[in-house]
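Novice: Quick one, what's the 3D model for this:
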Amino acid sequence: MILAAMVLGIITGYGWRELAGSPEAIKSFADNLSVLTDIFLRLIKMIIAPLVFSTLVVGIARMGDSATVGRIGAKAMGWFVTASLVSLLLGLVMVNLLKPGVGLGLPLPDVTASSGIEKGALTLKDFISHLIPKSVFDAMAKNEILAIVVFSLFFGTGAAAIGDKARGLIDAIDAVAHIMLKVTGYVMNFAPFAVFAAIAGMVAKEGLGILSTYGSFMAQFYLSLGLLWLALLGMGALFLKGRVIELLRAIREPALLAFSTASSEAAYPKTLDRLKRFGCSDRIASFVLPMGYSFNLDGSMMYCTFAAIFIAQAYGIDLTLSQEITMLLILMVTSKGMAGVPRASLVVIAATLAQFNIPEAGLLLLLGVDHFLDMGRSATNVLGNAIASCVVAKTEKELTAALPQLDEDDDIDPQDGKDVELQPALAKQG
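Specialist: Alright, predicted model coming up:
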């Protein structure tokens, strides 16, 4: 249905653009359709905070002790740092090999022009404010995943420390997690409508002509993303062996959802569900996946190096090898502050350009096609976090055989064991 919605959206958007006759009619059409997409994304944001909190707290509390939490957290962060380095380095290598900014053939924005991106948004103080919430309710109200993760770590560890006294509360929070997963199933029924509206509105406003204008640049970026997918799958295969292909099939729906809505956050609930069905331990998936959404945005990080060097090439600025390595290291740190910042990749790039005297106005070259590029980045983020979760589960010996496929309208959590179809698999797993 999502694929059909994408095709129908392209046809509808293109048809309206050709027949509307005036820019005002096109803008009105796109704005009206955006209501459907906004409804879906708001529904997703509605369930993200309670879902992350409940699943993460239950997962940590049932690990038993802080040493286990520390060990799993260290493994996850080790993978995140490695994957981040691979993403940034591959972006740097590909943009230097392909040179998409050389001979661009487009008029360059004046170096004094403003991009409209708030480049000062990423500071150490800002990162700390996203990292440590002054109020968990404030963090949940703003959907700051990183802050929710930090509070959940403290809450879950404290619950594990007091043992039996917290059992009733943890069981209640576990029930909340199951309810939120059921609500997720209801929300996902609206996804095809949101996808149709997003694609139709985008094509109506931008037109398919922008794809030909930026076709070479976009093709080169998606080629680089394809190589990143191969690299991530190769890294995953070192631990998962042949099951990495099975994992790719398991997450095709959340990856497609992220691609079509250009939002990896929209795919979070479905990704969590698919990881559990794949056989990834409930407590590992609930712990690693939300951390990954804060620290492991592989597609977005690759875009940072690719886009920054592209802009430098467009303006004829030659960076030395030492400058490019410095840029990579800066992005390695600043990219970890992307969670909770609107238009995060562009903000990180804007902050980085200023440090190398590259005109910030170059971002204007990307704004027209950023949505198309964000689609690929979002799908890549889903893949990277799914692999990270399964690799950590494998190293903890908590990756089992995949559970039987449920019907599409049966969105129960596999852990509750109430579905007859699951009983043989659950019994086999003990």
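Novice: I'd say residue 208 and residue 14 touch.
Specialist: Yes - contact criterion Cβ atoms under 8 Å: residue 208 and residue 14 qualify, at 6.1 Å. To be clear about C-beta, it is placed using only N, CA and C from the backbone, and glycine gets the same treatment.
Novice: between those two, what contacts are shared?
Specialist: Residues touching both residue 208 and residue 14 (Cβ atoms under 8 Å, 6 or more residues apart in numbering): none.
Novice: of the two, who's got more company?
Specialist: Per other Cβ atoms under 10 Å, whichever of residue 208 and residue 14 has more neighbours is residue 14, with 15 against 11.
Novice: So for stretch 321-339, mean pLDDT?
Specialist: On average, the pLDDT along stretch 321-339 is 77.
Novice: which residues sit in contact with residue 389?
Specialist: 275, 280, 284, 285, 288, 289, 292.
Novice: Could you verify that it is part of a helix?
Specialist: Yes - Residue 389: assigned to a helix according to DSSP: H, G, I helix; E, B strand; the rest coil.
Novice: And the top helix by length along the chain, what's buried?
Specialist: Using DSSP state H, we find that the single longest helix of the chain is helix 23-61. Buried residues in helix 23-61, counted by 16 or more other Cβ atoms under 10 Å: 26, 29-30, 33-34, 36-37, 40-41, 43-44, 47-61.
Novice: helices and strands around that helix, which ones?
Specialist: On a contact count with 3 or more Cβ pairs under 8 Å, 6 or more residues apart in numbering; DSSP states H and E, helix 23-61 meets helix 2-20, helix 136-141, helix 145-162, helix 167-188, helix 191-206, helix 252-261, helix 268-278, helix 282-295.
Novice: my guess is residue 52 meets residue 147, correct?
Specialist: No - between residue 52 and residue 147 there is no contact under Cβ under 8 Å: 10.4 Å.
Novice: Quick one: residues contacting residue 209.
Specialist: Neighbour list for residue 209: empty [criterion: Cβ under 8 Å, 6+ apart].
Novice: separation between it and residue 18?
Specialist: Distance from residue 209 to residue 18, counting by Cβ to Cβ, to the nearest Å: 11 Å.
Novice: which one is residue 86 nearest to, not counting chain neighbours?
Specialist: Among residues not flanking residue 86 along the chain, residue 231 sits closest, at 5.7 Å (Cβ to Cβ, 6 or more residues apart in numbering).
Novice: Now the host helix or strand of residue 247: average pLDDT?
Specialist: Using DSSP states H and E, residue 247 falls within helix 243-250. For helix 243-250, mean pLDDT rounds to 93.
Novice: what does stretch 62-73 give?
Specialist: 78.
Novice: ok, residues contacting that stretch?
Specialist: Under Cβ under 8 Å, 6+ apart, the answer for stretch 62-73 is 60, 153, 156-157, 160-161, 170, 283-284, 287-288, 291, 392, 396.
Novice: Serialize these to JSON lines and add fields for distance to residue 248.
Specialist: Shown next, in JSON lines, are these (distance: Cβ to Cβ, whole Å):
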{"residue": "60", "distance to residue 248": "28"}
{"residue": "153", "distance to residue 248": "30"}
{"residue": "156", "distance to residue 248": "30"}
{"residue": "157", "distance to residue 248": "33"}
{"residue": "160", "distance to residue 248": "34"}
{"residue": "161", "distance to residue 248": "39"}
{"residue": "170", "distance to residue 248": "34"}
{"residue": "283", "distance to residue 248": "23"}
{"residue": "284", "distance to residue 248": "19"}
{"residue": "287", "distance to residue 248": "22"}
{"residue": "288", "distance to residue 248": "18"}
{"residue": "291", "distance to residue 248": "22"}
{"residue": "392", "distance to residue 248": "18"}
{"residue": "396", "distance to residue 248": "22"}
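Novice: Emit the PyMOL select command for whichever of these are buried.
Specialist: Burial among these is assessed by 16+ other Cβ under 10 Å; the matching PyMOL selection reads:
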select buried, resi 60+153+156+157+160+170+283+284+287+288+291+392+396
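Novice: Just the closest of the contacts of stretch 62-73 to residue 321, please.
Specialist: Here the nearest of the contacts of stretch 62-73 to residue 321, counting by Cβ to Cβ, is residue 291; it sits at 32.8 Å.
Novice: And the helices in the stretch 301-430 of the chain, which stretches?
Specialist: Taking DSSP state H, counting those that start in this stretch to define them, one finds helices in the stretch 301-430 of the chain at 321-334, 344-355, 364-367, 370-395, 423-428.
Novice: next one: the second one to chain centre, how far?
Specialist: So the one you mean is helix 344-355. Put simply, helix 344-355 sits 18 Å off its chain's centre (Cα atoms, centre = their mean, to the nearest Å).
Novice: Please consider this matter closed, and thank you.
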